[in-house]
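Undergrad: fold the stuff below for me.
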Amino acid sequence: MLRGWIVILWLSGWLSPALASIYDPEPSFCDAYATKAVSQHNTAGAAHCDVSGLRWSSDLDGQKRWCETVSEAVAQAETQARAQALLACFGGNVSLNDADLALTPNTLGESMIGAVREGGLKRVKQLLAAGADLSFEGMQGNDGKILFVAMGREDMAMIKFFIGLGLDPNGTFNGGFSPIGMITDNHELLEYILSNGGDANNTGELYDFLQLPIISAILSKDVKAVQILIKHGARVQVDEMMDECQNNTLLDYAIKHGTPAIVAALRKAGAQTYAECQPR
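TA: Here you go, the predicted model:
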């Protein structure tokens, strides 16, 4: 858990949501209405909500054109009706926060990232219902995807909610490290993520040997994490150049940095040292 909190402190300190600008910070009323309407439609689909009417549509231009033919009050009522339908679909007896209906898409996204960082699942549901974008990333992607932030907190309830909405547990931030590598010390979470789309060989956007999740487990001398990763397809015959046997291998690394139990687990899975596998 300590590693996850370090990640969140790092993200909070260096990637402030106050600077997020993925959407126009000052859109027209109908631009904002249309963007939020499409986000509500997409969230309903992700949550498999049984909805109809209420202008559920992913047609951004169509939503905007309709908005321009009615009063703001009528358009806002549609946003509110969709929000209430989404909250009913989400479950958990969460009430609508009426003030959210007037927020711009950018502010909704910033607020959602903040709620994820603070572990506020109820607040996340309210913001998504009001039209926050499930794919929102502040600072043009540098804040990290919302599931990545939740994984950094090791917040199982929120992670399960996002996984249920179909979010990819392999997502990170621009140039970011592996989300799988930062949770190897939480065996329950690691098992859950790898059973729900997580890639045991995910290196984030860095594609580097040292970013492999199994390296994190080796450095922590965590044989259980190594075993979980192997069970879910972690590469055991991989070298420092991300090839198979052109240089020192994962087993060489484990012999130097791991434990005898880890070395044994890797050998059982078929790992070899460079001396053993190098071309003759």
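
Undergrad: from memory Ala132 sits against Ser111, does it?
TA: Yes: with contact defined as C-beta atoms under 8 Å, Ala132 reaches Ser111; the gap is 7.3 Å. Placement of C-beta: from N, CA and C, glycine included.

Undergrad: which of the two has more neighbours?
TA: Neighbour totals were compared for Ala132 and Ser111, and Ala132 leads with 29 against 22 (other C-beta atoms under 10 Å).

Undergrad: give the contact list for that one.
TA: Ser39, Pro105, Leu108, Gly109, Ser111, Met112 (C-beta atoms under 8 Å, 6 or more residues apart in numbering).

Undergrad: could you redo the last one with a cut-off of 10 Å?
TA: The neighbours of Ala132, taking C-beta atoms under 10 Å, 6 or more residues apart in numbering as the test, are 36, 39-40, 43, 100, 103, 105-113, 115, 124-126, 146.

Undergrad: what helix or strand is Gln272 on?
TA: Using DSSP states H and E, Gln272 sits in no helix or strand.

Undergrad: relative to Glu118, how far out is it?
TA: 46 Å (C-beta to C-beta, to the nearest Å).

Undergrad: neighbour count for those two, which is higher?
TA: The residue with more neighbours, out of Gln272 and Glu118, is Gln272; 18 against 14, by other C-beta under 10 Å.

Undergrad: so for Met1, what's the pLDDT?
TA: The score at Met1 is 48. That number is its pLDDT.

Undergrad: contacting residues around stretch 60-71?
TA: 28-38, 40-41, 55, 57, 59, 74-79.

Undergrad: buried subset of those?
TA: 30-38, 40-41, 55, 75-76, 78-79 (16 or more other C-beta atoms under 10 Å).

Undergrad: what about this structure, any weak spots by pLDDT?
TA: Filtered on pLDDT under 70, the chain yields the residue ranges 1-22, 138-144.

Undergrad: would you map the helices across the chain?
TA: For the chain, the helices defined by DSSP state H cover 2-14, 29-46, 60-67, 72-90, 105-117, 121-130, 146-153, 156-164, 187-195, 213-219, 223-231, 250-257, 260-268, 274-277.

Undergrad: mind checking how far the third one is from the chain centre?
TA: Centre-to-centre, helix 60-67 and its host chain are 30 Å apart (C-alpha atoms, centre = their mean, to the nearest Å).

Undergrad: next one: stretch 67-76
TA: 34 Å.

Undergrad: same deal with stretch 112-122?
TA: 13 Å.

Undergrad: ok, so of the buried ones among the contacts of stretch 60-71, who is nearest Glu154?
TA: Gln40 (29.1 Å; C-beta to C-beta).

Undergrad: for that closest one, which non-adjacent residue is closest in space?
TA: The shortest distance from Gln40 to any non-neighbouring residue, by C-beta to C-beta, 6 or more residues apart in numbering, is to Arg82 (4.5 Å).

Undergrad: count of residues packed around that neighbour?
TA: For Arg82, the neighbour count with other C-beta under 10 Å is 26.

Undergrad: so it makes contact with Ala130?
TA: Yes: in this structure, Arg82 is within contact of Ala130 by C-beta atoms under 10 Å, at 9.0 Å.
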